[in-house]
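**Student:** Any chance you can model this:
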Amino acid sequence: MRLASDPRVTAGITALAAVALLIGGAFTGLLFEGAHDLSGAWAALDPYLLRVVRFTLWQAALSTLLSVGPALLVARALSRHPRFFGRGFILQLFALPLALPAIVAALGILALYGRAGYFSGLLSAVGGQGWPGIYGLSGILVAHVFFNLPLSSRLFLEALQTIPADQWRLASQLGMGPRPAFRLIEWPMLRAALPGIAGLVFMLCITSFTIVLTLGGGPAATTLEVGIYQALRFDFDPARAVALTLLQVALTCLVMLCLTRLGANTTGDANLPVAPRRYLSVGAGETILNIVLIALALLFVAGPMAATLAAGLGADLGRLAGEATVRQATLTSAGLAFVSALLSVLLSLSLTIARRALALNRRAGPRSLLEHAADTGAGLVLVVPPIVIGAGWFLLLRHAGDVFAIAPIMVVTVNAVMAMPFAIRAIRPAYDAASERHERLCALLGIAGWARFRLVDWPSLRRPLATGFAFAMALSLGDLGVIALFGSDSVQTLPYLLLARMGSYRTEDAAGLALLLGLVCLALVLAADWLGRGEKA
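**Tutor:** Numbering: from 1, shown residues only. Below you'll find the model as predicted:
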């Protein structure tokens, strides 16, 4: 089949054009606003802006250190004990923070460590005075470690489990103890994985919007993304928003470039293989230390989840369910998330099939620019955070009319594009395997287009597409980045309503909404995980 007439390539070009339009429109709005008020944008480069940049980098560096350092110890403890009762449960629990909306986790952390939290009495007794709460840098660090310590532990554990069994067998025959085994066998593997994992965590922390917005606590604890939000929604200072946005994009581009060179897994997924057989025995002292490490990590990760559950069950869920505002926000969230997930899967599938078609037609020689774009285009959207895209379109559309009326379209499109890297991870392996089996037969029989997808590809892609759809829907349901800019009384999602209840100090209502939102997102991600496991089986 000629390349120009291949519908798979046409679908990929359409998907790339849609992504380019979304991101290009945002940058057009930024550049137009900046060119319209150059003096204002230049004046925005003041000491406050430099302080925001410094805090953004400082909190990300501290969060990375506090997440990655303990994760090394926890991963090694889990690796040294490949089989014990509850190990599988712990690894599953460590995967749940990835599925939990950031605003729900923030509520759980406040329920534990806040001024009126479950631990406030103990913390007041230890400090010798009234516990002031956890807002500010301390709250941001705790939340980031909650998300990134289990992620880093799983990624380090994945690296350790790639050590060949022959090395452990030889170490056992030589009578190697724990210290030389760590120095000669485990540490080289951990050291190789450390830069990529630390870079990934740093990237996640400098683009953390919801955590800083809910736990920052004021101008002294403001990052670039929160500054963009404040400049548009509270101060309405477009010039400052442009300056902050351009700095944020430059920062994320720099970090993403470093991640690419380090080979980091930018989607934050860790597929843990079956635990290999070990040939080294673990002494009693090391076993006790490992138990303490794993138990502390387990309590730290499970605590906010349990607090969210307890606080949510303590709310008047019946009254909340009867509120028209809550019902409308739930329907709005579900509808927008459904459309967003559907669009994300369609775009991801289009890029996947286009990449495969271009690779088959190339046969040999260097990849074309189009093939390279189809292969890496989805990953590049991680360079531009949702709040940046939202800010660009906010500035562009404010000259055309009511920007809040466009909220549903912006939420759907931005969330769809941001979920594409995760959806592609689920879809691409299955499609490539199906193409490897059926490509020649389809060419001989002249089966192409919709007929090929329905008769040949669909049976192999049903479960991967459902996996990508469920994960994309969970991400869209819990996102606060775009709706924070475009939300209004007429268009509210559950995260937006939850933030509003927190801002008006209706903490019980916020806890009930957080429980509802968290359970739905967890159910979707568990469904995606189950579907993915079924496909592998």
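
**Student:** Can you find the helix or strand in this structure with the smallest mean pLDDT?
**Tutor:** Scoring the helices and strands of the chain by mean pLDDT, DSSP states H and E places helix 38-43 at the bottom, with a mean of 72.

**Student:** Run through who's touching that helix.
**Tutor:** The contact list for helix 38-43 (Cβ atoms under 8 Å, 6 or more residues apart in numbering) reads Glu33, Gly34, Asp237, Pro238, Ala239, Arg240, Val242, Ala243. The way it works is simple: take the backbone N, C-alpha and C, and place the C-beta from them, glycine included.

**Student:** downstream neighbour of it in the secondary structure list?
**Tutor:** Later in the chain than helix 38-43, the nearest helix or strand by DSSP states H and E is helix 47-80.

**Student:** What residues sit buried inside that following helix?
**Tutor:** 49, 52-53, 55-57, 59-60, 62-64, 66-68, 70-80 (16 or more other Cβ atoms under 10 Å).

**Student:** what do you get for stretch 414-424?
**Tutor:** Buried, per 16+ other Cβ under 10 Å, within stretch 414-424: Val414, Asn415, Ala416, Val417, Met418, Ala419, Met420, Pro421, Phe422, Ala423, Ile424.

**Student:** Now do the helix or strand in which the fourth one is found: everything it contacts.
**Tutor:** In other words, Val417. Val417 is located in helix 407-418, with elements delineated by DSSP H and E. Applying Cβ under 8 Å, 6+ apart, the external contacts of helix 407-418 come out as 19, 22-23, 336-337, 339-341, 343-344, 347, 381-382, 386, 389-390, 393, 472, 475-476, 479, 481-483, 486-488, 491, 493.

**Student:** ditto for stretch 88-102
**Tutor:** For stretch 88-102, contacts defined as Cβ under 8 Å, 6+ apart pick out 78, 105, 143, 146-147, 150-151, 153-154, 157, 208-211, 214, 268, 270, 272, 294, 298, 301-302, 305, 474, 477-480, 495, 517-518, 521-522, 524-526, 529.

**Student:** Over to stretch 148-157?
**Tutor:** 63-64, 66-68, 70-72, 74-76, 78-79, 91, 93-98, 190, 193, 197, 200-201, 204-205, 265, 268, 270, 272, 297, 300-301.

**Student:** One more pass at 6 Å, please.
**Tutor:** 67-68, 70-72, 74-75, 78-79, 94, 97, 197, 201, 268, 270, 301 (Cβ atoms under 6 Å, 6 or more residues apart in numbering).

**Student:** Would you mind checking the average pLDDT for it?
**Tutor:** Mean pLDDT, stretch 148-157: 92.

**Student:** For it, buried residues please.
**Tutor:** Asn148, Leu149, Pro150, Leu151, Ser152, Ser153, Arg154, Leu155, Phe156, Leu157.

**Student:** And stretch 194-212, by the same measure?
**Tutor:** Buried, per 16+ other Cβ under 10 Å, within stretch 194-212: 194, 196-212.

**Student:** Among the residues you listed, which lie within helices?
**Tutor:** Members of the buried residues of stretch 194-212 lying in helices (criterion: DSSP state H): 194, 196-206, 210-212.

**Student:** Which of those sits closest to Tyr505?
**Tutor:** Taking Cβ to Cβ as the measure, Tyr505 sits nearest to Thr210 out of these, at 18.7 Å.

**Student:** For that closest one, which non-adjacent residue is closest in space?
**Tutor:** Leaving aside its chain neighbours, Thr210 sits nearest to Ala102 (3.8 Å; criterion: Cβ to Cβ, 6 or more residues apart in numbering).

**Student:** Return the distance of the one you found relative to Gly199.
**Tutor:** 20 Å (Cβ to Cβ, to the nearest Å).

**Student:** now do His36
**Tutor:** Counting by Cβ to Cβ, the gap from His36 to Gly199 is 36 Å.

**Student:** same thing with Ser152?
**Tutor:** On the measure of Cβ to Cβ, Ser152 and Gly199 end up 11 Å apart.

**Student:** now do Gly114
**Tutor:** 32 Å.

**Student:** got it, and Thr467?
**Tutor:** Thr467 is 27 Å from Gly199, by Cβ to Cβ.

**Student:** how about the helix holding Val417 as CSV, C-alpha atoms only?
**Tutor:** The C-alpha coordinates for helix 407-418 follow below in CSV (Å, rounded to 0.1, in the frame of the first residue of the first chain):
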residue,chain,number,x,y,z
ALA,A,407,-14.4,25.5,30.0
PRO,A,408,-15.8,22.1,29.0
ILE,A,409,-13.8,22.1,25.7
MET,A,410,-10.6,23.1,27.4
VAL,A,411,-11.0,20.5,30.2
VAL,A,412,-11.7,17.7,27.7
THR,A,413,-8.9,18.5,25.2
VAL,A,414,-6.1,19.3,27.7
ASN,A,415,-6.9,16.2,29.9
ALA,A,416,-7.1,14.0,26.8
VAL,A,417,-3.7,15.1,25.5
MET,A,418,-2.1,14.8,29.0
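
**Student:** mean confidence for that helix?
**Tutor:** Mean pLDDT, helix 407-418: 92.

**Student:** All the strands of this protein, in order from the start?
**Tutor:** Secondary structure of the chain (DSSP state E): no strands located.
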